[in-house]
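K.L.:
how does the following fold in three dimensions:
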Amino acid sequence: MSYCLAIKVKEGLVFASDSRTNAGLDNVSTYSKMFTFNVGDRAFVLLTAGNLATSQAVYHQLEKDISANDPEMSLNLCEDLEQAASYIGKLSAESSNQALDVQNQTSLMGSYFILGGQIKNQEPNLLLIYPEGNFIYVSQERPYLQIGETKYGKPILDRMINEDTPIGDSARVALLSLDSTMRSDLTVGPPIDFVVYKKDQMHLDYQGRYKLKSPYFKKLSDTWATKLSEAVHSLPKFSWEEE
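P.N.:
Have a look, this model is predicted:
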């Protein structure tokens, strides 16, 4: 299982993803689920959850098309994020269909993707791409997208994230959403890949990778746990507690 999320606020975009691909009793595997692309007038971040073979096939094809001398399509050639989402969705659907043909099975071989970023002179945005290749934009009412194991990290997003949330707070909330999920689901685990993109910056300068014992992440997690405990102890007492 995976957990990836992206947040859109007025100041920019935040991306975070775990790296665990297997959590058996005697075998824990990790693989990055984040793909970044930053050249000239565009900056993209792509997150994935689902069938690992399909996800990696899409990533490799993106890289191959970027390096090609005269590609039919690539991230360099997309005129906007919507065209980029259509291109990625097509690659994803083709890869999953090929896997089904080869393995002669009916199980879903597709992957979900979150695409975010900005092309110069356009607004930054986020899109959710489905295994079938179609996609939707993030909504203004709920300015974040999640894929994978979403339920444990959703409450803090619902409480804290709106379009006016400062990007620094949004970044901390994203990491706490991962922290909550990792505490409740062993199939989601570190390292955490992390990107903060400020609107019109056109560069992915703020990138990081956190392990559980990384100084900043550990301090963030420990502080959050302490503050939660303090908040619970400060809640109104029941009448029977006063007796």
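
K.L.:
the residue nearest to Ile119 when sequence neighbours are not counted bridge partners, please.
P.N.:
Spatial nearest neighbour of Ile119, chain neighbours left out: Arg42 (4.6 Å); criterion: Cβ to Cβ, 6 or more residues apart in numbering. C-betas here are computed from N, CA, C, even on glycine. Here Arg42 sits in beta bridges with Val39, Ile119, going by DSSP bridges.

K.L.:
how much space separates Arg42 from Val9?
P.N.:
Relative to Val9, Arg42 is positioned 20 Å away (Cβ to Cβ, to the nearest Å).

K.L.:
and for Ala84?
P.N.:
For Ala84 relative to Val9 (Cβ to Cβ), the value is 21 Å.

K.L.:
those two - which one has more neighbours?
P.N.:
Ala84 (26 against 21; other Cβ atoms under 10 Å).

K.L.:
can you pull the contacts of the closest residue in space to that one that isn't next to it in sequence?
P.N.:
Nearest residue to Ala84, sequence neighbours excluded (Cβ to Cβ, 6+ apart): Cys78, at 4.1 Å. Listed by Cβ atoms under 8 Å, 6 or more residues apart in numbering, the contact partners of Cys78 are 42, 84, 87, 119.

K.L.:
go again with 10 Å.
P.N.:
When contacts are counted by Cβ atoms under 10 Å, 6 or more residues apart in numbering, Cys78 touches 42, 44, 84-88, 119.

K.L.:
can you map out the strands along this structure?
P.N.:
3-9, 12-17, 20-24, 27-30, 34-39, 42-50, 111-119, 125-129, 135-137, 144-148, 192-198, 206-210 (DSSP state E).

K.L.:
where does the prediction get shaky in the chain?
P.N.:
For the chain, the stretches with pLDDT under 70 are 22-30, 98-109, 243.

K.L.:
make it 50
P.N.:
The model of the chain has pLDDT under 50 over residues 23, 25, 102-107.
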